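Colleague: Sequence first, predicted model second:
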Number of protein chains: 4
Amino acid sequence: MKVVLLSGAIVGARTRSTLREAQKVLTERYPDVSSEWLDLAQYDVQFSDGRTYWDYEFTSDTRHVAKTVLEADALIVASPIYQASMPAPLKNVFDLLPRRALRDTVASLLINAGSARHYLVPEQQFKPVLGYLGAQIVQHYVYVEDQDFDDEAHIVNPNVLLRIRRLVEDTVALANLYRNMRDETPVWYEAGHDPAELEDNP
Amino acid sequence: MKVVLLSGAIVGARTRSTLREAQKVLTERYPDVSSEWLDLAQYDVQFSDGRTYWDYEFTSDTRHVAKTVLEADALIVASPIYQASMPAPLKNVFDLLPRRALRDTVASLLINAGSARHYLVPEQQFKPVLGYLGAQIVQHYVYVEDQDFDDEAHIVNPNVLLRIRRLVEDTVALANLYRNMRDETPVWYEAGHDPAELEDNP
Amino acid sequence: MKVVLLSGAIVGARTRSTLREAQKVLTERYPDVSSEWLDLAQYDVQFSDGRTYWDYEFTSDTRHVAKTVLEADALIVASPIYQASMPAPLKNVFDLLPRRALRDTVASLLINAGSARHYLVPEQQFKPVLGYLGAQIVQHYVYVEDQDFDDEAHIVNPNVLLRIRRLVEDTVALANLYRNMRDETPVWYEAGHDPAELEDNP
Amino acid sequence: MKVVLLSGAIVGARTRSTLREAQKVLTERYPDVSSEWLDLAQYDVQFSDGRTYWDYEFTSDTRHVAKTVLEADALIVASPIYQASMPAPLKNVFDLLPRRALRDTVASLLINAGSARHYLVPEQQFKPVLGYLGAQIVQHYVYVEDQDFDDEAHIVNPNVLLRIRRLVEDTVALANLYRNMRDETPVWYEAGHDPAELEDNP
């Protein structure tokens, strides 16, 4: 199983800091799970112009980032909230993916924000995008507020750390479940049925 | 495991018809899973007045319906869409439940509607309510349009039937997963930590 | 112009209290505007069973409530949040209305809640329902938290009182605008065009 | 009054085509209203890195685009739907704006999409972003589907053309209303009250 840790901010330290905590839990508790760190601040990704990622230059950051996300078994997304919604650099990664790209992917959310009033943004703005791409979403996201960090962007609220731990556990457990379900896919899914026909998503 | 089949319409035949299909799959494929049929058209439920369900009269329909939903391991909700949102009788059942009532429940959605244009109502209006109650939601819902029924409210679109089959399978698989996860809950969840503190939900 | 003040709670004092403040501003600043107080706690409304309100008994509360809402030029809705969404008694009033019932109505929202984390519920759960019914919605809603009330449910936060004042002013101004726009409706809207064809709503 | 016509697609012809229709109505019916055409396909805008637009280079496209949007009295946004949400290049323009940047702006939406099933995306994904920025949103958006265009991206559905006409009329009428309301702002808004305190938005 491969877990991709995707940091959706191109500036600031808090988003990366929450994701580092998830990474720590992942490597400690699941040493046999491989993981890949994907921080958008370190890449020069182009705006999606309608091409799918494989039409971008072979060595380009755009192709690398989209391909890495696409190949994940599980995707832990860390992101701030911009203007009550997903930041453009993160949305752009999803725009680069082909239809139903995350159909076999489990996705979970680690969101940091300045105000308690945006608590429902992951529910109403992030989840519908991941769901449209076909991801299996871990229900409970972790929402981290400014007061949960110290001045150096370290998380100082122990309950947040426990919630991150549980998020990672749920992500891995769900990824295992869906891998097993795929392996047991009954024959009638394959025989004479275009899987796309069975999709209830436009 | 106990699966509750909840029909959220108090009039009309289509909602009940889609739920009957789910029941058929459930009893055929999972003969050892117990199920309970809960059709709101057959009960006289009172509007929630702030009391929790156990404060309602012992023999009342209100108490029976809320208690049945609360005790489900898995909840398959069939519902029409009224005014681009959840019908009041169904919303009322959820209003009767205590905080985090569905924390140990897997929930899935079977939605029928007259127009393709309301396809996102389950995503944006139903899921956030179930999620707030703590339910683990099956990602892919089944959306059935008028043209998928014949004049007697039978489903005539074979792909819809396959999607219902898959919905039931995913519901049971996810309920099994979460039961196993609860059984394996690590000690640190219990030791010295009020589980409510670990909740990231208001 | 007729403004209906609709209180969507059947228990509790806070929702009614915020609406009383709106009523006070309305009668003081706009003595020529008629208003009607409609508190759901005072009526015995039946669940919508698919009949339109005029098919309910002539003297029934159900018919009275739905008819009053339908005939409003402006509707100020006060409501608590139940389970991260609209309370069933309020949703039920909207379920009773015919298609596009609020097409000529301006609607505004006064929401009280226990947690800052539900600040986006009016935006994501209430507005889409009012919008589907065709209402012209006043953009800025007023969100009142527990700490804004004293023990007797009086609002003690002066900024909340100013926001309510502005909400009433915006509601009346917008209602005047739309009345004027209807009076100036160009001829081509009427000549040979079924207005329903021009609707971009299912 | 200045109306900015903002095209949110960087590829494709349909979005631009619907906006051209709006421009046509605007110049014909309101010759005294000045308008500015802002097509994101023609600019090289950088991802928001947390700086406000005025910190970008004076001659940069990034600064020009954000500044033009900020100075609009009314904003007509044309956009496709990507992955059930706002395209990243359009979201990025909003990310570049300071807090409450559209407080004095009327905004309306012209959305094109391939599927009827995404009809609620403008309601649930676009409006909350514009609303957070403080815009006064024209309630009825225009939703254009593939079948409404011919092969050269011209709109061939006359009802869509009428709806665009009405959208432009509503946009201008609402912009006039809010300009008048600002001119009549009562003294108590200014005296001793920081307007920000009166905001009910985080």
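Modeller: In hand now; what should we look at?

Colleague: Show me which residues of chain A sit near chain D.
Modeller: By CB under 8 Å from any CB of the partner chain, the residues of chain A that approach chain D are A:10-12, A:47-50, A:82-89, A:91-92, A:94-95, A:97, A:114-118, A:124-125, A:128-129, A:131-133, A:201-202. Yep, even glycine has a C-beta here, placed from its N, CA and C like the rest.

Colleague: So which of these sit within helices?
Modeller: If you go by DSSP state H, the residues of chain A next to chain D have A:88, A:89, A:91, A:92, A:94, A:95, A:128, A:129, A:131, A:132 in helices.

Colleague: Quick check: chain neighbours aside, which residue is closest to the residue of chain A found nearest chain B?
Modeller: Here the residue of chain A nearest chain B is residue A:177; by CB to the nearest CB that distance is 4.7 Å. Among residues not flanking residue A:177 along the chain, residue B:177 sits closest, at 4.7 Å (CB to CB, 6 or more residues apart in numbering or on different chains).

Colleague: Retrieve the pLDDT associated with that neighbour.
Modeller: With respect to pLDDT, residue B:177 scores 85.

Colleague: Quickly find the element holding it.
Modeller: Assigned by DSSP states H and E, residue B:177 belongs to helix B:158-183.

Colleague: Which positions within that helix qualify as buried?
Modeller: Residues B:159-178 are the ones in helix B:158-183 that count as buried (16 or more other CB atoms under 10 Å in any protein chain shown).

Colleague: tell me which strands and helices that helix is in contact with?
Modeller: helix A:158-183, helix A:195-198, strand B:2-7, helix B:14-29, strand B:74-80, strand B:106-113, strand B:142-145 (3 or more CB pairs under 8 Å, 6 or more residues apart in numbering or on different chains; DSSP states H and E).

Colleague: quick one: the residue nearest to residue A:177 and chain C, what's the gap?
Modeller: 25 Å (CB to the nearest CB, to the nearest Å).

Colleague: Was I right to think that residue contacts residue A:178?
Modeller: No. Counting by CB atoms under 8 Å, residue B:177 does not reach residue A:178; the two are 9.4 Å apart.

Colleague: Which of the ones in helices among the residues of chain A next to chain D has the largest number of neighbours?
Modeller: residue A:91 (29 neighbours; other CB atoms under 10 Å in any protein chain shown).

Colleague: So for it, what's the pLDDT?
Modeller: At residue A:91, pLDDT is 98.

Colleague: isn't it right up against residue D:85?
Modeller: Yes. If you go by CB under 8 Å, residue A:91 and residue D:85 touch, sitting 6.8 Å apart.

Colleague: Give the residues shared as contacts by the two.
Modeller: The contact sets of residue A:91 and residue D:85 overlap at residue A:129 (CB atoms under 8 Å, 6 or more residues apart in numbering or on different chains).

Colleague: Point to the residue nearest the middle of chain A.
Modeller: Against the mean C-alpha coordinate of chain A, by CA atoms, centre = their mean, the closest residue is residue A:77 at 3.3 Å.

Colleague: hmm, back to that, now, which of the ones in helices among the residues of chain A next to chain D sits nearest residue A:109?
Modeller: residue A:129 (10.8 Å; CB to CB).

Colleague: and the closest one, what does it touch?
Modeller: A:86, A:91, A:94, D:83, D:84, D:85.

Colleague: distance of it from chain C?
Modeller: Residue A:129 is 15 Å from chain C, by CB to the nearest CB.

Colleague: what do you get for residue A:72?
Modeller: Distance from residue A:72 to chain C, by CB to the nearest CB: 28 Å.

Colleague: Just give the number of residues close to the nearest residue to that residue once chain neighbours are set aside.
Modeller: Sequence neighbours aside, residue A:4 is the residue nearest to residue A:72 in space, at 3.8 Å (criterion: CB to CB, 6+ apart). The tally of other residues near residue A:4 (other CB under 10 Å) stands at 22.

Colleague: Check residue A:81 too.
Modeller: Neighbours of residue A:81 (other CB under 10 Å): 21.

Colleague: what are the phi and psi angles of it?
Modeller: phi -110, psi 130 (degrees, to the nearest 10).

Colleague: contacting residues around it?
Modeller: A:87, A:111, A:112, A:113, A:118, A:121.

Colleague: Look up which helix or strand the nearest residue to residue A:13 once chain neighbours are set aside falls in, please.
Modeller: Nearest non-adjacent residue to residue A:13, counting by CB to CB, 6+ apart: residue A:153, 3.9 Å away. Using DSSP H and E, residue A:153 sits within no helix or strand.

Colleague: residues touching residue A:153, list them.
Modeller: A:12, A:13, A:14, A:16, A:17.

Colleague: Lowest mean pLDDT among the helices and strands, pick that one out for chain A.
Modeller: helix A:187-190 (a mean of 45; mean pLDDT, DSSP states H and E).

Colleague: what's stretch A:20-37 in contact with?
Modeller: A:1-5, A:7, A:68, A:72, A:76, A:78, A:110, A:155, A:161, A:164-165, A:167-169, A:172.

Colleague: Quick check: residues of chain A near chain C?
Modeller: Within reach of chain C by CB under 8 Å from any CB, chain A has these residues: A:84, A:115, A:116, A:117, A:118, A:119, A:120, A:121, A:124.

Colleague: In a markdown table, list these along with pLDDT and distance to residue B:41.
Modeller: Below are the residues of chain A next to chain C laid out as a markdown table (pLDDT from 0 to 100; distance: CB to CB, whole Å):
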| residue | pLDDT | distance to residue B:41 |
| --- | --- | --- |
| A:84 | 97 | 39 |
| A:115 | 91 | 43 |
| A:116 | 96 | 40 |
| A:117 | 96 | 39 |
| A:118 | 97 | 39 |
| A:119 | 97 | 36 |
| A:120 | 98 | 32 |
| A:121 | 98 | 37 |
| A:124 | 97 | 31 |
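
Colleague: Tell me, how many residues neighbour residue A:31?
Modeller: Applying other CB under 10 Å, I find that residue A:31 has 8 neighbouring residues.

Colleague: ditto for the one 4 residues further on
Modeller: The number of residues packed near residue A:35 is 18, by other CB under 10 Å.

Colleague: And for the one 4 residues further on?
Modeller: The local packing count at residue A:39 equals 17, with neighbours defined by other CB under 10 Å.

Colleague: Please apply the same query to the one 4 residues further on.
Modeller: Under the neighbour criterion other CB under 10 Å, residue A:43 is assigned a count of 16.

Colleague: wait, it sits on residue A:60?
Modeller: No. Counting by CB under 8 Å, residue A:43 sits too far from residue A:60 to count as a contact (9.3 Å).

Colleague: Residue A:125 and residue C:99: what is the separation?
Modeller: Residue A:125 is 29 Å from residue C:99, where distance means CB to CB, to the nearest Å.

Colleague: swap in residue A:61?
Modeller: In terms of CB to CB, residue A:61 sits 50 Å off from residue C:99.

Colleague: same thing with residue A:155?
Modeller: Distance from residue A:155 to residue C:99, by CB to CB: 50 Å.

Colleague: if you count what's nearby, which of the two comes out ahead?
Modeller: Remark: of residue A:155 and residue C:99, residue A:155 carries more neighbours, 19 against 14, as counted by other CB under 10 Å.

Colleague: Tell me who's in contact with the more buried one.
Modeller: Contacts of residue A:155 by CB under 8 Å, 6+ apart are A:17, A:18, A:21, A:144, A:148, A:149, A:161, A:164.

Colleague: Could you do residue A:130 as well?
Modeller: Contacts of residue A:130 (CB under 8 Å, 6+ apart): A:77, A:94, A:102, A:107, A:137.
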